[in-house]
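**Student:** need a 3D model of the sequence below.
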Amino acid sequence: MPRSPSSTLVIALVCACADADADTHDGSSSASGSAESGSSGGSGGSASASSASASSASASSASAEGGQDSSGGDATDTGGGGPWDAGNPDGSCSEGVPSLGQAVDTSSPTTVVGDGTAPSCTHDALAAAVAQGGIITFDCGDAPVTIAITATLSLRTDVDTVIDGGQTVTLDGQHQVRVLQYDSPNFMATATRVTLQHLRIVGGKATPTSTIPEAPPPCSQGYDDGQGGALYMRDGNLSVIDCIFEDNEAAPLGPDTGGGAIYVLGSLEGMVVAGSTFRGNHASNAGAVGGLFCQLSIYDSLFVDNAATGNGANGNDPAQCQVMHAGQNQVGSGGNGGAIYSDGQSVDVTICGTAITGNAAGEGAFGGGLFFTSNDFGGDLSIIDSSMQQNTGGSWTQAQTGDLHDAGTAVGTNCHSLTIVNSSLQGL
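**Tutor:** Modelled structure (predicted):
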């Protein structure tokens, strides 16, 4: 996992790939001033926004982190949360958005939630549809509708699932429960994919329960779990197309937890985000989107006012902390990646046609816009047709190959190579 600056690169990877409670920890790399070292990598997948959409590491049960699979009392509100404004209004990816980012054809749904009226679109009806999997659409009447999610919805891991909100459906966790969960016991092994499209998710909350053993600062404080306020996924693959994520939250403190809106752990084929907006989400790390051992590609999207709420980043330093936790003398309590966070090994991060504005890393942490560490320096970072402005936090760039070695003051990265094309990055 990410580490704070030190004079020597040390890589110590602990990967419990088959254990549902596995976590991954890595070493630290040389840096000075605004440089920070890290471990693990980011992603690159394929995605494409259709015209309609254009414009960790521990797995835990739903009851432990924001609800259970059972259905509860249903509440449907005819309010839709404002006008539809998904995606980057000021730019797009000139290379186009690949197929995994294009909206799925939902003209022949497996399940239609609702009978044409708002009151028929309930949590219970949606829970039954999610339990079946396949293509899920809604018939809730002409007006936008908000469905109160009273218990976390568990997605099937053995079949593909598509949830299409038609730009009229909002799922609201009411700051009580995580909204969606996909929890396979494997690691980078499962090929099934979840697609969320034309959907708004707000008020999701992942509640942590695994507290780091008490030790005096600067030893790490906070939690080991509580990832993914709107969606937590382990060993699955994800496409997010023409969606809006607002005001979701995950564990507020801890060196290795995060993902205010989305957290994906151990993905075989990665995460693709296209034509979507992430606004006002927060977590210890990865204020909006976090991935650990997960390819990450983001196209034509907007990240604004998200925050990593931890502090002190993450390091392994016996001189500062004599207490062992997770096999290390951990110091720092997160705060990396105000908007986007990627950690892992030999995965790429691609950001194209995306605006990342006004996001914040935590005190003493890094990457207000993007935090991306590749613990084997095997992951490439590409920033194309994008902007990063008015983000706050520490920064550093350590690219092993190529001519570019500075990604600006919104980025903290260890990567194999850095590509910047037609982009406006603060500090450059």
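
**Student:** can you count the residues close to the closest residue in space to S417 that isn't next to it in sequence?
**Tutor:** In this structure, S417 finds its nearest non-sequential neighbour in G402, 4.3 Å apart by Cβ to Cβ, 6 or more residues apart in numbering. C-betas here are computed from N, CA, C, even on glycine. Neighbour count of G402, defined by other Cβ atoms under 10 Å: 12.

**Student:** now swap in A261 and tell me
**Tutor:** 35.

**Student:** gap between the closest residue to it other than its chain neighbours and Q132?
**Tutor:** Leaving aside its chain neighbours, A261 sits nearest to F245 (4.0 Å; criterion: Cβ to Cβ, 6+ apart). Counting by Cβ to Cβ, to the nearest Å, the gap from F245 to Q132 is 24 Å.

**Student:** so which of those two has more stuff around it?
**Tutor:** F245 (31 against 12).

**Student:** confirm that that one lies within a helix, as I assumed.
**Tutor:** No: F245 sits outside any helix when classified using DSSP: H, G, I helix; E, B strand; the rest coil, being strand.

**Student:** quick one: contacts for it?
**Tutor:** Going by Cβ atoms under 8 Å, 6 or more residues apart in numbering, F245 touches 200-202, 230, 261-262, 276-279, 281, 288.

**Student:** what residues are up against L370?
**Tutor:** 337, 339-342, 349, 351, 356, 388, 407, 410-413.

**Student:** quick one: which of these is most hemmed in?
**Tutor:** G337 (40 neighbours).

**Student:** that residue and A360 touch, don't they?
**Tutor:** No: using Cβ atoms under 8 Å, G337 is not in contact with A360; the gap is 10.2 Å.

**Student:** returning to what we had before: from G367, how far out is the residue nearest to S417?
**Tutor:** Counting by Cβ to Cβ - G402 and G367 are separated by 20 Å.

**Student:** ditto for A151
**Tutor:** 34 Å.

**Student:** so where's this protein uncertain?
**Tutor:** The chain contains residues with pLDDT under 70 at 1-81.

**Student:** pull the contacting residues for the spatially most central residue of it.
**Tutor:** The chain has V289 as the residue nearest its centroid, 2.2 Å off, counting by Cα atoms, centre = their mean. Neighbouring residues of V289 by Cβ under 8 Å, 6+ apart: 259, 261-263, 271, 273, 278, 296, 298, 303, 339-341.

**Student:** show me the helices in the stretch 201-350 of the chain, by range?
**Tutor:** Counting by DSSP state H, counting those that start in this stretch, one finds no helices in the stretch 201-350 of the chain.
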